[in-house]
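**Q** A structural model of the following input is requested.
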Amino acid sequence: MWSYRYVIILLFTLIPVTTVYAFAYVAQIGGPQPPPAPNQSFGDPVLWPNTNVSITLDFEPDFNVSAIKAMEPWNAVATPLQLHEGFIAAQPCSNDGINAAGWRVITCGGAQFGDALAITVRNFRYNSTSDRWEMIDSDIIVDQSQPWVASFAGTLPPNVQDFRRVMIHELGHVFGLEHPDEAGQDVPAIMNSSVSDIETLQDDDRRGIIFLYGTSTSTTSSGNSSGNGGGGGGSGSVLALLIMAWRARNCIHKIYKNG
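**A** Residues are numbered from 1 along each chain as shown. I've put the predicted structure just below:
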């Protein structure tokens, strides 16, 4: 006869296990109707439908170069989704389907900076064909009044903000990653909500982006290689508009000074 101990063990083996990850991401939970939920560690990730995401940069030349450098560590992970500089004129946070990054001029769709260094505003739409939410537009707005340097390596001295490491963080939001510390996790990550002496991707950041998009040799990505970034034009985008049920939502993320 089985002992009670063996019966309990068997019951535990029959309980379905929900996989929980250290990193956090924006997810679709509970079917297509609820809007995407931020800071999740389970659920279906909300992704870009295309694998080439272009971002128009509207900073001074040295800061534009730093923003391009900030794309490199994400692209080096070699997921199918790659970031590129875009060249279509766009205003950050206009929800025009063109990804853009620039200095803050006015508040963004009611979003308040407070003491944030930068914010990323993402917009989503529901694809009625796939029953999935997708990202369609992502804008990065940086507070120009902060004491920025285009790129600073190492421990940050007082009253200095490293533009490059903040852009690496914001570009993680463009991919769909969230703040692990705000999701109740204690991990070293550039995606944590406050600037620190971490200046590039950590293992948790890399695991997160690979979970979302797979590797360049895998087939886990839901996109294709012919996209224009956030729906930035072309006949494919027009066709997409015809088959998409537009129910856009936005999600705003901020990064703060350390302390």
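**Q** all contacts plus neighbour counts: C-alpha atoms, from now on.
**A** Will do.
**Q** Assess the claim that Trp103 and Leu57 are in contact.
**A** No: the pair Trp103 / Leu57 is not scored as a contact, 9.7 Å apart, by C-alpha atoms under 8 Å.
**Q** Leu64 contacts Leu57, correct?
**A** Just to correct that, residue 64 is Asn rather than Leu. Yes: counting by C-alpha under 8 Å, Leu57 is a contact partner of Asn64 at 6.1 Å.
**Q** so how far is Ala153 from the closest residue to Tyr126 other than its chain neighbours?
**A** Leaving aside its chain neighbours, Tyr126 sits nearest to Trp133 (4.3 Å; criterion: C-alpha to C-alpha, 6 or more residues apart in numbering). Going from Trp133 to Ala153 by C-alpha to C-alpha, to the nearest Å gives 38 Å.
**Q** Report the secondary structure state of the most centrally placed residue in the chain.
**A** Closest to where the C-alpha atoms of the chain average out (C-alpha atoms, centre = their mean) is His173, at 2.2 Å. Secondary structure, DSSP: H, G, I helix; E, B strand; the rest coil: His173 is helix.
**Q** What residues sit buried inside the lengthiest helix in the chain?
**A** Longest helix in the chain by number of residues, with DSSP state H as the criterion: helix 61-76. For helix 61-76, a neighbour-count test (16 or more other C-alpha atoms under 10 Å) marks 63-71, 74 as buried.
**Q** in the protein, which spans are helices?
**A** Taking DSSP H, the helices of the chain run over residues 4-14, 61-76, 163-175, 203-213, 235-243.
**Q** and the closest residue to Ile68 other than its chain neighbours, what are its bridge partners?
**A** Using C-alpha to C-alpha, 6+ apart and skipping the chain neighbours, the partner closest in space to Ile68 is Glu85 (6.8 Å). With DSSP bridges as the criterion, Glu85 is bridged to Ile55.
**Q** so what pLDDT did the residue nearest to the centre of the chain get?
**A** According to the prediction, His173 has pLDDT 96.
**Q** Pretty sure it sits against Ala118.
**A** No: using C-alpha under 8 Å, His173 makes no contact with Ala118, being 11.5 Å away.
**Q** Now for the residue nearest to Tyr126, how many residues are close by?
**A** Look at Trp133: counted by other C-alpha atoms under 10 Å, it has 28 neighbours.
**Q** I'd like to know how far Leu177 sits from Gln146.
**A** Where Gln146 is concerned, Leu177 sits at a distance of 24 Å (C-alpha to C-alpha).
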